[in-house]
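Peer 1: A predicted structure for the sequence below; I have some questions about it.
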Amino acid sequence: MDIVAFDTADFDFLFRKPAVILQQQFDMIPILILMVTTILVSVSRPWRYTILALVAQYLSVAWLVAMVWPIGLAAVKLVVGWMSSAILGATQTDKEDGEKGGFVVQGFLFRLFAIGVVWLVVFSVTPFVDNWFSAPVHLLWGSLLLIGVGLLQMGVSGEPFRIFVGLLTALAGFEILYASVESSVLVAGLLAIVNLGLALAGSYLMVVNTLEEL
C-alpha cells in the first residue's frame with residue numbers, strides 16, 4: 001500500500017484559498033455602495049436624498065481607506081465627511097431644491113448614461129493606473145469612480161449645492177488614491193480642513209444666494 005505524504009503547505013493552501021475569495025467578496029461591498037450612491041447623488045432631486053447618499057459614500061471611503069491606513073486615521077475620514085454633509089444640509093430648504101420630484105426629470109437618461117460611461121472608463125483604465133500606483137484594485141476602483149462622478153456632477157449641474165457635492169465627491173476620490181501611496185497624520189489633518197472649508201464655503205454661498213433672492 002502506497003502512503004501519500006501531505007505537506008503542511010498543502011493544508012495551508014486549502015484553507016487559505018476560500019479565505020482569500022471571501023475577503024475579495026467582502027472588499028467589494030464598499031465598491032457596490034459607491035456605485036449606488038453615485039447614482040443617487042447624480043439623479044436624485046431632494047437634497048435629503050443627496051445628503052444621505054453622501055453620508056453612505058463617506059462610510060465607503062473610510063472603509064476603503066481602512067484597508068491601507070490605521071483604523072483611527074480612517075475614522076477621521078468618516079467623521080469629517082459626515083460633518084461636511086451636515087454643514088451642507090444645514091443651509092438647504094425645500095424651496096431651493098424643488099422637493100416636488102423625487103428625481104431629476106430633465107436629463108435623467110443622459111445622467112444615467114453618463115454615469116455608465118464613467119463606470120466603463122474606470123474599470124477599463126484601472127489596469128493602466130495600477131502600473132503607477134501599487135495599491136489594491138478596490139482602492140483604485142473607488143478612487144477613480146468618485147473622481148469621475150464628482151467631475152461629472154460639477155460639469156452638468158449649475159446649482160451651488162450640487163457643485164459642492166461634486167467637489168467633495170472628487171476630493172474623496174483623491175483622498176483614497178493618496179491613502180494608497182502615503183500614510184501621514186499631517187496630510188490627513190490638512191485634507192480634513194480642506195473638506196470642512198469646502199463645506200463651509202458652499203454653505204456660505206448658498207445662504208448668500210438665498211438672501212439675494214429674497
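Peer 2: Structure received.

Peer 1: Could you report the neighbour count for the residue lying closest to A74 once chain neighbours are set aside?
Peer 2: Nearest residue to A74 in three dimensions, chain neighbours excluded: A66, at 3.8 Å (C-beta to C-beta, 6 or more residues apart in numbering). All C-beta atoms are positioned from the backbone trio N, CA, C, and that covers glycine. Counted with other C-beta atoms under 10 Å, residues neighbouring A66 total 18.

Peer 1: What of V117?
Peer 2: Other residues near V117 come to 12 when the count uses other C-beta under 10 Å.

Peer 1: how close does it get to A75?
Peer 2: 34 Å (C-beta to C-beta, to the nearest Å).

Peer 1: next one: T169
Peer 2: According to C-beta to C-beta, T169 stands 20 Å off from A75.

Peer 1: Between the two, tell me which one has more neighbours.
Peer 2: Higher neighbour count among T169 and A75: T169, with 29 against 14, using other C-beta under 10 Å.

Peer 1: Verify the stated contact: that one with L146.
Peer 2: Yes - in this structure, T169 is within contact of L146 by C-beta atoms under 8 Å, at 5.3 Å.

Peer 1: Can you find the helix or strand of this protein with the lowest average pLDDT?
Peer 2: helix 94-97 (a mean of 52; mean pLDDT, DSSP states H and E).

Peer 1: by contact count, what packs against the helix or strand that that helix is followed by?
Peer 2: Sequence order places helix 108-129 as the next helix or strand after helix 94-97, per DSSP states H and E. If contacts are counted by 3 or more C-beta pairs under 8 Å, 6 or more residues apart in numbering; DSSP states H and E, helix 108-129 sits against helix 8-43, helix 137-156.

Peer 1: Pull out the buried positions in helix 108-129.
Peer 2: Across helix 108-129, burial judged by 16 or more other C-beta atoms under 10 Å covers 111, 114-115, 118-119, 122, 126, 129.

Peer 1: what's the angle from that helix to helix 137-156?
Peer 2: Inter-element angle recorded for helix 108-129 and helix 137-156: 140 degrees (by axes from the mean of the first three to the mean of the last three C-alpha atoms, to 10 degrees).

Peer 1: A135 - that's part of a strand, no?
Peer 2: No - counting by DSSP: H, G, I helix; E, B strand; the rest coil, A135 falls outside a strand, being coil.

Peer 1: Can you check the pLDDT for it?
Peer 2: The per-residue pLDDT reported for A135 equals 77.

Peer 1: Flag the shaky bits of this structure, pLDDT-wise.
Peer 2: 1-25, 93-107, 212-214 (pLDDT under 70).
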